[in-house]
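> Build me a model:
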Amino acid sequence: MTLPNPRPTSSPLSPSLSPLPYGNACATCARAKCRCVPRSGAARCERCHRLNKECRPPVTRRKSRLRPLSKAVLLERKMDGLMEMLASSASGGGGGGGAAAAGVGVGELEAGGEPELERQHSVSVSASATDRDREESLHTFRTHRLQLLPLMHIPATTTARDLERDSPFLWRCIATVESRSAARQAELCVGIRELAGKRLLCDCEKSLDLLQGVLAYLAWVTLHSQPQKSSLCIYAQMAIGLVFELGLNQPPPPDLSMTVSNSNAVGHLPDLKAPISTRRTMNERRAVLGCYVLTSIISQFLGRMDPLRWTPHMRECLDVLAHSDESPGDGVLVQITRMRLLADQILQGPWGEGLYGLGPAHDLAAFHFKAFQSRLATIKTETPIQLVDTRPILFHLHDVEMSLYEVALAKPPADEEMSSQRLDHLYACLHVVKRFFDLFFTISPAEYTSLALPYITQLSHCLVTLFRLSTLDYPGWDKAAVKDTADILAIAEQIATRMGQVADAVGMHRDGPYGDPFSKLGMMIQKLRSEWAVRLPEWLVADHRTAEEPFLSSAEMGDLDGFLSWSEMPLPWLMEGFGPGFV
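Alright, predicted model coming up:
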């Protein structure tokens, strides 16, 4: 039997008959997913020659060798976009002059010394600033803002360079709030929030610098650039979380091993170091009390969160600062803290049981009311003589006293007859409101820039309380006497006018599409005034308004609604009323 001759093949030693490597096969063989063997000196490969097919050259495709961008690169690109935006703003004249453009000196920054995000934000803050500008900004913050709300003590010997080196995040907040360019302030506030998010949420950093910076943000930066009122709650919780992480609400432990719970085995590893100090500093004491004051005020204002829980160690901090002579602001902080403690107790009083009724419920509420009156009198008596007539003390005193007497504004039962006690409390509340506004109008428009968040919330508290007093229907209550004592429409008009004068008084640049925050506040007060006038027709006649001079309604305020939807001003909260804290 004769076997058929095998198909002739080339010698395996012949390099011409070796199959081409992957990716170099002709297009015909590649499409058929077959080996492509070239023929010596021929235009077609073995397979194409055998099948009499066109041997086309391979289609070259460049493979993408790009790797996914890392988070660091994405963050750098995001910051590059922010820096381009800031640079374009600065080139357009947005940067203010003098002390207004305070920032960090560009020459001081060393790229290897701090994270890229923080370093680039330092450069953005420092644009067009000089050492003199920086020192003037620090001096203004120290002598004006901290005088009204002494959350910390910055010695007179501390320079801007010292503060930027030791407390960089706090310095950025100070430099931002002292800027006199509204548009630049808004941009820098975005950078502050970026830094806060990175250091607090991404890096989980814990330091007194961050705590002081967050407190400064809550107290002052929010007046210039606040996304929405709910973010106040978020930043307040950040401050509370930092207090817990640093252990400032508890006595410093003699041994760091005692700072970790026994149920946390990982926390007891020898190479882990707790961020808690074993020796309490004075600024740590001020920070924990300042955190309590701010969270107490925000809690009352929002009605949706609790303040920092008061502890025996915080009482010890209060006593230490009461006897301190290191800073004049310590006495102010002590008195404000005492008044906030009383305010929280008043808000938790048993008023829902009926202060003006009969029976055991009335006796309980009356007992608490007299106790709070006695405590308020004690606070007044114990206030140091040099602080009795100072604005910070009086503002907080009037606000606490108003919180006590406004319990009389609670809706009376349908069958309640006229109560002389309720009328006494209503008139006491009215006169406290009058004293508050008299004090507020002693402040010049230029000084409004030093007002912190607590004083703005107190202003809104008084406005709403006065409106409720002006519209209250109760036997024996004289609304005409309310108007004669404190005309809410005239007061709102005066506040709005004075707020519109702030920018010119301090030389603030009304650059950008939204203007300065104080003018926006004035617009908000004007809107409130227009809405209130609808509810107070007798005021409209008494004010001699005619058909040719109407109050502006919501629809007639131009694009004010567009401004309200813009998220860079906290005072739209006024339009939403108040939470449960305001009886």
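
> Low-confidence stretches in this structure?
1-17, 59-76, 78, 81-129, 224-230, 255-275, 353, 359, 510-515, 537-583 (pLDDT under 70).

> Which residue ranges make up the domains of it?
Here the domain parsing of the chain from automatic domain parsing is 15-51, 73-227, 408-583.

> For stretch 375-384, what is the distance to the chain centroid?
Distance of stretch 375-384 from its chain centroid, counting by CA atoms, centre = their mean, to the nearest Å, is 32 Å.

> mind saving the C-alpha coords of that stretch as PDB?
Extracted C-alpha coordinates of stretch 375-384, given in PDB (Å, rounded to 0.1, in the frame of the first residue of the first chain):
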ATOM      1  CA  ARG A 375     -30.200  82.800  88.200                       C
ATOM      2  CA  LEU A 376     -30.300  85.700  85.600                       C
ATOM      3  CA  ALA A 377     -30.100  88.200  88.500                       C
ATOM      4  CA  THR A 378     -27.100  86.400  89.900                       C
ATOM      5  CA  ILE A 379     -25.300  86.500  86.600                       C
ATOM      6  CA  LYS A 380     -25.900  90.200  86.400                       C
ATOM      7  CA  THR A 381     -24.600  90.700  89.900                       C
ATOM      8  CA  GLU A 382     -21.500  88.500  89.400                       C
ATOM      9  CA  THR A 383     -20.500  90.300  86.100                       C
ATOM     10  CA  PRO A 384     -17.200  92.200  86.700                       C
END
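
> Numbering from 24 from now on, please.
Happy to do that; since the first residue is 24 now, the last one works out to stretch 398-407.

> Kindly format the C-alpha coordinates of stretch 67-74 as CSV.
Provided in CSV are the C-alpha atoms of stretch 67-74 (Å, rounded to 0.1, in the frame of the first residue of the first chain):
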residue,chain,number,x,y,z
ARG,A,67,1.8,37.0,-0.5
CYS,A,68,2.1,34.7,2.6
GLU,A,69,1.8,31.0,2.4
ARG,A,70,-1.9,30.9,3.2
CYS,A,71,-3.0,33.7,0.9
HIS,A,72,-0.9,32.1,-1.9
ARG,A,73,-2.4,28.7,-1.4
LEU,A,74,-6.0,30.0,-1.2
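
> What are the contacting residues of that stretch?
Here stretch 67-74 makes contact (CB atoms under 8 Å, 6 or more residues apart in numbering) with 40, 43, 49, 51-52, 55, 57-62, 65, 76-78. Using the backbone N, CA and C atoms, a C-beta is placed for each residue, glycine as well.

> Let's see which of these end up in helices.
Among the contacts of stretch 67-74, DSSP state H puts 51-52, 55 in helices.

> Buried subset of those, written for ChimeraX?
Those of the ones in helices among the contacts of stretch 67-74 that count as buried under 16 or more other CB atoms under 10 Å are selected in ChimeraX with:
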select :51,52
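
> Could you dump the ones in helices among the contacts of stretch 67-74 into a markdown table with distance to residue 438 added?
A markdown table is the format used below for the ones in helices among the contacts of stretch 67-74 (distance: CB to CB, whole Å):
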| residue | distance to residue 438 |
| --- | --- |
| 51 | 101 |
| 52 | 100 |
| 55 | 98 |
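
> any idea where the helices of the stretch 374-523 of the chain begin and end?
With DSSP state H, counting those that start in this stretch applied, the stretch 374-523 of the chain shows helices at 383-405, 414-428, 443-463, 476-493, 502-508, 511-523, listed in chain order.

> Make TSV out of those helices and add distance to residue 272.
Formatted as TSV, the helices of the stretch 374-523 of the chain follow (distance: least, CB to CB, whole Å):
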stretch	distance to residue 272
helix 383-405	23
helix 414-428	22
helix 443-463	32
helix 476-493	21
helix 502-508	43
helix 511-523	37
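
> got JSON lines for the ones you listed, with mean neighbour count too?
Putting those into JSON lines (neighbours: other CB atoms under 10 Å) gives the following:
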{"stretch": "helix 383-405", "mean neighbour count": "14"}
{"stretch": "helix 414-428", "mean neighbour count": "22"}
{"stretch": "helix 443-463", "mean neighbour count": "18"}
{"stretch": "helix 476-493", "mean neighbour count": "21"}
{"stretch": "helix 502-508", "mean neighbour count": "14"}
{"stretch": "helix 511-523", "mean neighbour count": "19"}
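
> Which one of these lies nearest to residue 222?
helix 476-493 (22.0 Å; CB to CB).

> same for the closest one, what does it pack against?
Secondary-structure packing of helix 476-493 (3 or more CB pairs under 8 Å, 6 or more residues apart in numbering; DSSP states H and E): helix 231-242, helix 305-325, helix 414-428, helix 443-463, helix 502-508, helix 511-523, helix 540-558.

> what angle separates that helix from helix 414-428?
Angle between the axes of helix 476-493 and helix 414-428 is 40 degrees (criterion: axes from the mean of the first three to the mean of the last three CA atoms, to 10 degrees).

> just how off-centre is helix 476-493 within its chain?
21 Å.

> Hmm, residue 239 and residue 314 touching each other?
No - the criterion here is CB atoms under 8 Å, and residue 314 misses it with residue 239 at 11.7 Å.

> The two - which one has more neighbours?
residue 239 (29 against 26; other CB atoms under 10 Å).

> among the contacts of stretch 67-74, which ones are buried?
For the contacts of stretch 67-74, buried by 16+ other CB under 10 Å: 43, 49, 51-52, 59-62, 78.

> so which of those residues would you say is closest to residue 175?
Closest to residue 175, out of all of these and judged by CB to CB, is residue 43, at 75.1 Å.

> Quick check: closest non-adjacent residue to that closest one.
Nearest non-adjacent residue to residue 43, counting by CB to CB, 6 or more residues apart in numbering: residue 59, 4.8 Å away.

> Likewise for residue 258?
Counting by CB to CB, 6+ apart, the residue nearest residue 258 is residue 241, at 5.6 Å.

> Against residue 378, how distant is the one you found?
Distance of residue 241 to residue 378, given as CB to CB, to the nearest Å: 33 Å.

> The two: which is more packed in?
residue 241 (26 against 22).

> In contact with residue 493: list those residues for me.
502, 505-506, 511, 559, 562.

> quick one, what contacts the residue nearest to residue 258?
Applying CB under 8 Å, 6+ apart, the residues contacting residue 241 are 255, 258-259, 262, 317, 321, 476.

> now do 10 Å
174, 196, 249, 255, 258-259, 261-262, 313-314, 317-318, 320-321, 475-477 (CB atoms under 10 Å, 6 or more residues apart in numbering).

> Export the helices and strands packed on helix 476-493 to JSON lines and append columns for distance to residue 266.
Output for these, formatted as JSON lines (distance: least, CB to CB, whole Å):
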{"stretch": "helix 231-242", "distance to residue 266": "7"}
{"stretch": "helix 305-325", "distance to residue 266": "5"}
{"stretch": "helix 414-428", "distance to residue 266": "21"}
{"stretch": "helix 443-463", "distance to residue 266": "30"}
{"stretch": "helix 502-508", "distance to residue 266": "42"}
{"stretch": "helix 511-523", "distance to residue 266": "34"}
{"stretch": "helix 540-558", "distance to residue 266": "28"}
